[in-house]
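> Just a sequence and a predicted model for now, questions to come.
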Amino acid sequence: MADIPVTEFNITSISKAYMQYATEPLLISLLAISVFWGEVMAIKRFLKEYWANLENGRLTNTKRIYSHLWQLLFTTSILLMMPVALSFFEYILNESMQELIFYAGGEPKGGFATIVKEIEDMEERYPEGPSFFFDSLPDLLAWFNIIVVKPAIAVLIRWEYGLFLAGRFYWLILLEIVFPFAWLSLASEDSSQYFYTWLLNLFKCYLLMPAFVIAIGFADVLMITVFGDPYSLLALILQLIVKFYLLKRATEYVFKLF
């Protein structure tokens, strides 16, 4: 699986993990089983139509049978190609979003560069750590804040974003697995609604990624506007809260769009 550093739990590392998981035996097996049962259902439907048009060893409607045979071949092609097509489309989307994030922002920076500089300064001041006997309480609290508290909050800010992204990729995997059954539902007018429901959910799944990027970008601007220095302790705590709130809202609003 992908090696994800604790401070780099972002769209790049998670999409890499998704691409790697797409080649894992478990997912390949699940997709293969799904496609197999979809193919069995398609063949069963064709044979049912074939036997219904067979009288005294002859076909009563050859044109209709050829039409169903073409549908079977087309369905087989779609079932085999769709997992690859979805993975390719996801790759294009991920690359586009990474370029957008690189140029326009939209991922939590966490202030790691600023926090690392503060840690280095503090370690230079206290090479062996502060003394509980000789240093004042404010100095001890300042050391604990810079060495422990702020880095932990910065990592949590990164990881809450990463967890929302990971949930979105997990949903995409589930949509890929059930695709054969969604596609076959088009065979009947009564069941075709399931395919359009699947398609709508796929569209929402793709919308989530830009929705998350917008939420994070807006939160960053909001924190800078309110605090000026978004990496003070209070600003980091509020970043954690605001970004979780906006990411949750982004998910809810995408589901309410259609």
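Nice, I can see it. Computed from a prediction, not measured in an experiment: that's the story for all the values here. Numbers count the residues shown, from 1 in each chain.
> Does Met223 touch Tyr231 like I think?
No. Using Cβ atoms under 8 Å, Met223 is not in contact with Tyr231; the gap is 9.1 Å. For glycine as for every other residue, the C-beta is placed from the backbone atoms N, C-alpha and C.
> now the helices: where do they sit in the stretch 51-200 of the chain?
Per DSSP state H, counting those that start in this stretch, the stretch 51-200 of the chain carries helices over the ranges 62-104, 112-125, 137-144, 150-184, 192-227.
> among these, which is the most enclosed?
helix 150-184 (a mean of 19; mean count of other Cβ atoms under 10 Å).
> Now do that one: which elements does it pack against?
Counting contacts by 3 or more Cβ pairs under 8 Å, 6 or more residues apart in numbering; DSSP states H and E, helix 150-184 is packed against helix 11-21, helix 25-52, helix 62-104, helix 112-125, helix 192-227, helix 233-256.
> Report the residue spans of the stretch 151-258 of the chain with pLDDT below the cut-off.
Within the stretch 151-258 of the chain, the stretches with pLDDT under 70 are 187.
> rerun at 80
Within the stretch 151-258 of the chain, the ranges that satisfy pLDDT under 80 run 184, 186-191, 227-233, 258.
> what sits up against stretch 18-26?
Under the contact criterion Cβ atoms under 8 Å, 6 or more residues apart in numbering, stretch 18-26 has outside partners 1-2, 27-28, 83, 87, 90-91, 169, 172-173.
> er, stretch 197-213 I mean
The contact list for stretch 197-213, computed with Cβ under 8 Å, 6+ apart, reads 11, 93, 97, 100-101, 106-107, 161, 164-165, 168, 171-172, 175, 178-179, 182, 247, 250-251, 253-255, 257-258.
> For it, C-alpha coordinates in PDB please.
Output of stretch 197-213 as PDB, limited to C-alpha atoms (Å, rounded to 0.1, in the frame of the first residue of the first chain):
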ATOM      1  CA  THR A 197     -29.600   6.700  -9.400                       C
ATOM      2  CA  TRP A 198     -26.100   5.100  -9.700                       C
ATOM      3  CA  LEU A 199     -25.100   7.700 -12.300                       C
ATOM      4  CA  LEU A 200     -26.300  10.600 -10.100                       C
ATOM      5  CA  ASN A 201     -24.400   9.200  -7.100                       C
ATOM      6  CA  LEU A 202     -21.300   8.900  -9.300                       C
ATOM      7  CA  PHE A 203     -21.700  12.600 -10.300                       C
ATOM      8  CA  LYS A 204     -22.000  13.600  -6.700                       C
ATOM      9  CA  CYS A 205     -18.900  11.600  -5.900                       C
ATOM     10  CA  TYR A 206     -16.900  13.500  -8.500                       C
ATOM     11  CA  LEU A 207     -18.400  16.800  -7.200                       C
ATOM     12  CA  LEU A 208     -17.100  16.100  -3.600                       C
ATOM     13  CA  MET A 209     -13.500  16.700  -4.500                       C
ATOM     14  CA  PRO A 210     -13.800  20.300  -5.800                       C
ATOM     15  CA  ALA A 211     -16.300  20.900  -2.900                       C
ATOM     16  CA  PHE A 212     -13.700  19.900  -0.400                       C
ATOM     17  CA  VAL A 213     -11.000  22.000  -2.100                       C
END
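> how far is that stretch from where the chain is centred?
Distance of stretch 197-213 from the chain centroid (Cα atoms, centre = their mean, to the nearest Å) equals 10 Å.
> do the same with stretch 116-124
A distance of 35 Å separates the centroid of the chain from that of stretch 116-124, by Cα atoms, centre = their mean.
> same thing with stretch 162-175?
Stretch 162-175 sits 4 Å away from the centroid of its parent chain (Cα atoms, centre = their mean).
> for stretch 40-52, same thing?
37 Å.
> got the buried residues for that stretch?
Neighbour counts using 16 or more other Cβ atoms under 10 Å place 42, 45-46, 49 of stretch 40-52 among the buried residues.
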